[in-house]
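**Q** Return atomic coordinates for the entry below.
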Amino acid sequence: MVSNSGSPRVDAESDFMRARRHQVLSSLAARLRGATDDVVQSMSFDDVVEALGRRGEHYAGTKVIALDDIVGSVDKVRDFDRRFRPTSTRSRQRWERLARANRTGEIIPPIDVYRIGNVYFVRDGHHRVSVARSLGTKLIEARITAIDTFLTPVGIEGRADLELKFWRRIMLQRVPFTGEARAAVAVSRPAAYGELAEAAEAWASRAMHAEGAYMDPETMAARWYAEEFKPVVEMIEEAGVRGDDERPAEAYLRVACERYRLIREHAWNAEVLDEVKGKGRRKR
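**A** Numbering: from 1, shown residues only. Predicted coordinates:
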């Protein structure tokens, strides 16, 4: 609860100590739950951009944005937690000076942020964000630079999610799936994206050799999905060899690996599925 003693200086000191206390207690609670540091730390703009792939940027103007939509920082990841509470007392004087300015009604300049999708990363104004959140403010004025990325930032909660996004982006740049195919080739294990890309490229190599014609990446992605992946996944479903915890792409990789291990062939038919079903079925 924000206190008001009548003295802006005393109240600013109290605001800072309250913010620090909440940060320490939140960090302790996270450790007791077994959460990793990247879950409670402010997210790194550079790490997110590297994972999603940067295409370009443009200035989007000065707007009022929700403080809850600010999730990370460009260069002060370790100075503030995910809710922008200070993680040390190093910048206490600056923090309290801004808190006094807020309490006395001084004009606070807009912050500078990068926008990726619907979330924001602070370039300049970390202490202004921290003070505003501590005082219970919901909105803040910001100068926005929008970043265009190859993938959207949906579903990113920590570093493990960034690793998954990074390898998905690499796969999609190697094998440019679109539409239904893009949604279908989703896995939970980062390395599996590399395995999917290799499977598609190997299939295309065999097809080009057999047909005596070059296949560009877009054609490779479309044909592999239509002629290999989709029919095989349908066969897997009919044979009942996909586990309840498996995504279709994960089942495809597992069964394809088991098929080649058992019979050293790239063909798909009922006999192959029966062999895989008998030797390598995953419990449903």
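**Q** which stretches of the stretch 101-250 of the chain form helices?
**A** Using DSSP state H, counting those that start in this stretch, the helices found in the stretch 101-250 of the chain span residues 126-134, 159-174, 179-184, 190-211, 217-223, 230-239, 248-263.
**Q** Please identify the deepest-packed of those helices.
**A** Using mean count of other CB atoms under 10 Å, the stretch among those with the largest mean neighbour count is helix 126-134, at a mean of 24. In short, each C-beta sits where N, CA and C put it, glycine included.
**Q** what comes into contact with it?
**A** Applying CB atoms under 8 Å, 6 or more residues apart in numbering, the contact partners of helix 126-134 are 2, 15-16, 18-19, 67, 70, 73, 76, 79-80, 83-86, 91, 94-95, 98-99, 102, 108, 111, 122, 140.
**Q** Neighbour count says what about these? Which are buried?
**A** Among the contacts of helix 126-134, the ones that count as buried by 16 or more other CB atoms under 10 Å are 15-16, 19, 67, 70, 73, 76, 79-80, 83-86, 91, 95, 98-99, 102, 111, 122, 140.
**Q** So which of those sit within helices?
**A** Cross-referencing these against helices under DSSP state H gives Asp15, Phe16, Ala19, Trp95, Leu98, Ala99, Asn102.
**Q** correct me, but the third one touches Pro86?
**A** Yes: if you go by CB atoms under 8 Å, Ala19 and Pro86 touch, sitting 6.0 Å apart.
**Q** what's the overlap in contacts for the two?
**A** Joint contacts of Ala19 and Pro86 (CB under 8 Å, 6+ apart) are Trp95, Ser130.
**Q** Check the residue nearest to Ala184 when sequence neighbours are not counted and give its pLDDT.
**A** Excluding its sequence neighbours, the residue lying closest to Ala184 (CB to CB, 6 or more residues apart in numbering) is Pro248, at 6.1 Å. Listed pLDDT for Pro248 reads 94.
**Q** got it, and the one 5 residues further on?
**A** Note on Leu253: pLDDT of 92.
**Q** doesn't Gly194 make contact with it?
**A** No: using CB under 8 Å, Leu253 makes no contact with Gly194, being 10.5 Å away.
**Q** so who does the residue nearest to Ala184 touch?
**A** Contacts of Pro248 (CB under 8 Å, 6+ apart): Ala184, Val233, Ile236, Arg242.
**Q** Please name the nearest non-neighbouring residue to the last one.
**A** What it means is Arg242. With CB to CB, 6+ apart, the residue lying closest to Arg242 is Ala251, at 4.0 Å.
**Q** Repeat that for the second one.
**A** Here the nearest residue to Val233 in space, its sequence neighbours aside, is Pro248; by CB to CB, 6+ apart that works out to 4.7 Å.
**Q** Tell me which other helices or strands the helix or strand hosting Ala51 touches.
**A** Using DSSP states H and E, the element containing Ala51 is helix 45-52. Where contact means 3 or more CB pairs under 8 Å, 6 or more residues apart in numbering; DSSP states H and E, helix 45-52 is packed against strand 70-73, strand 111-116, strand 139-149, helix 159-174.
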